Every structure is written in structure tokens, then in C-alpha cells.
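In: Return a 3D structure for these sequence lines:
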Amino acid sequence: MTTVLRLDNIHKSYSGVEVLRGIDLEIAEHDVVALIGASGSGKSTLLRTINLLERVDDGQVWLRDRDISEPTVKADAVRARIGVVFQQFNLFPHLSVVDNVTLALREVMGVDRATATRRGLDLLERVGLAAKAREYPDRLSGGQQQRAAIARAIATEPELLLLDEITSALDPELVGEVLDLVRELKRDGTTIVMATHEMAFARDVADRIVFLDAGVVAEEGPPAQLFGAPQNPRTREFLARFTG
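Out: Alright, predicted model coming up:
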């Protein structure tokens, strides 16, 4: 089993408040790991440290055999290996959908425009947006914009895909189409770490659930165990909100 990501004793504080308090986590190739927990538990901050949008205060972030938390590591080189999709779609409004999807291919990977466009159009076909390739983002629904953002994130064929509450900004009727795409990515063997509040989806799709509570891993395990027989009282209390 090949380890893609390893977090060793990750600490992160803001203005003296410790948000991550010694996180240890290991992600194997082709695994889908869901981070769950209340708002403020550290899920988004953890994802941001993995992608080097935030530098850790202590601990190490390993991407395969490289410690990417070292100060000398070039963040852009790391981000070329890690795809990320945020709550907000973050598409550039002045670029067409296909140009949004292929931007990193052209500007970071150095792929020529014709080759990048072919790849972009193939990806848009895959996510059901081929007809929208030349449109601008404001002509797309929220669900379509998020699918375009996912296509952009996987355009560089990243080793790891991070998803940060990707359905939270969507109208309820649009959530399903985005989650179906994540299911397809799982079937394709994509290694995914996702923060989500969609408990049923996490239970259905994830290989492992990690419950964060106040910046620590309170409990982790396969979905059947964690949802069916949680061991930690804080986990039981959290899940009770979703089961009534």
C-alpha cells in the first residue's frame, strides 16, 4: 500500500489560538478519506496546510517521500501535484469555462494551448459540460460551476485531490450532480481527502472517516464502524445531530 500523504504532529495557530493541535494522518493511494466535524474543528485549516496555503507552526507534511512543509519547498511546485476545490467556485469570470479548466496546464505545466484545450474539452465532456465550454462562468448554474472547478482541479492529473465542503454553497437541488461526479472520481481511483457535512455521502463514498474535534483527531475508522458504533462520546454527540 503506497502512502500518498502523511501528516505528522501538525500544529497551527491563529492569533494565539491553536486550531490544529497535533494532527497525525496517513492517506494511501486510491483512498477516499472524509473529514467530518463541527464548524471550527479544523477541517478547512487542515486542508489548507496540506496545499501550503497555510504553513504549519510545527510538524511535517509529507507528499509521498518529500517533506513539503520545509520552508525551502516551492509552494507552486507542490500545488501542481495537488488538486483542490473550495466551497466557492473561484472561476475567473473573464475566462471561458475551457480556459478556466486549462489555465494551470498552460501556465504552470507549460502545455501548449492546442493540447491543453483538447484535454480541457475531454474533461468537460466527462463532467457533462461540453456544451458550455465557450461560455463564461456567470452563464452556468452553481452546480455547473462547481463541476467546472473539479474539472480544473483534475486537469493536471494530480496525485491528491482536496475537496473543501464543495456542496456548501450550492442550492440543495444541485448537490446531487456534484456528489455524483465525486463518486465517479472514486471509481477511477482518485486519491481524495474531503471535508464534508454530507454525512450520508461520506458514509457511502469514503473508505475512512476522520472525526475532528477542537483541532484533534477524536476518532477515525471505516464508515460502518464510525457511524454504526462510534467509540468516542464526542463522536456520538456530533453524529446524534444528524440522526435525531
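
In: same for the lengthiest helix in the chain, what does it pack against?
Out: Using DSSP state H, we find that the single longest helix of the chain is helix 172-187. Secondary-structure packing of helix 172-187 (3 or more Cβ pairs under 8 Å, 6 or more residues apart in numbering; DSSP states H and E): helix 142-154, strand 192-195, helix 199-205. (C-beta placed from N, C-alpha, C; glycine too.)

In: angle of it against helix 142-154?
Out: With axes from the mean of the first three to the mean of the last three Cα atoms, to 10 degrees applied, the angle from helix 172-187 to helix 142-154 works out at 20 degrees.

In: May I see the buried residues of helix 172-187?
Out: Neighbour-count burial for helix 172-187 flags 174-175, 177-179, 181-182, 185-186 (criterion: 16 or more other Cβ atoms under 10 Å).

In: Show me what the mean pLDDT comes to for that helix.
Out: Taken as a whole, helix 172-187 has an average pLDDT of 89.

In: Need the contact partners of it.
Out: With Cβ atoms under 8 Å, 6 or more residues apart in numbering as the test, helix 172-187 has contacts from 32, 127-128, 141-143, 146-147, 150, 154, 161, 163, 166-167, 170, 192, 194, 198, 201, 204-205.

In: Take the helices and strands packed on helix 172-187 and lay them out in a markdown table including mean pLDDT and mean neighbour count.
Out: Listed next are the helices and strands packed on helix 172-187 as a markdown table, based on pLDDT from 0 to 100; neighbours: other Cβ atoms under 10 Å:
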| stretch | mean pLDDT | mean neighbour count |
| --- | --- | --- |
| helix 142-154 | 93 | 24 |
| strand 192-195 | 96 | 25 |
| helix 199-205 | 91 | 17 |
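
In: Looking at those, which is nearest to L52?
Out: strand 192-195 (14.4 Å; Cβ to Cβ).

In: V98 and R119, how far apart?
Out: V98 sits 10 Å away from R119 when distances are taken as Cβ to Cβ, to the nearest Å.

In: More neighbours: those two, which one.
Out: V98 (25 against 19; other Cβ atoms under 10 Å).

In: Run the angle between the strand or helix carrying that one and helix 142-154 for me.
Out: According to DSSP states H and E, V98 maps onto helix 97-107. Taking the same axes, to 10 degrees, one finds helix 97-107 and helix 142-154 inclined to each other by 20 degrees.

In: got the contact list for the helix or strand following helix 97-107?
Out: Downstream of helix 97-107, the next assigned helix or strand under DSSP H and E is helix 113-126. For helix 113-126, contacts defined as Cβ under 8 Å, 6+ apart pick out 97-99, 101-102, 105-106, 111, 130, 132-133, 148, 151, 154-155.

In: again, only this time at 10 Å
Out: With Cβ atoms under 10 Å, 6 or more residues apart in numbering as the test, helix 113-126 has contacts from 96-107, 109-111, 129-134, 147-148, 150-157, 181, 184-185, 188.
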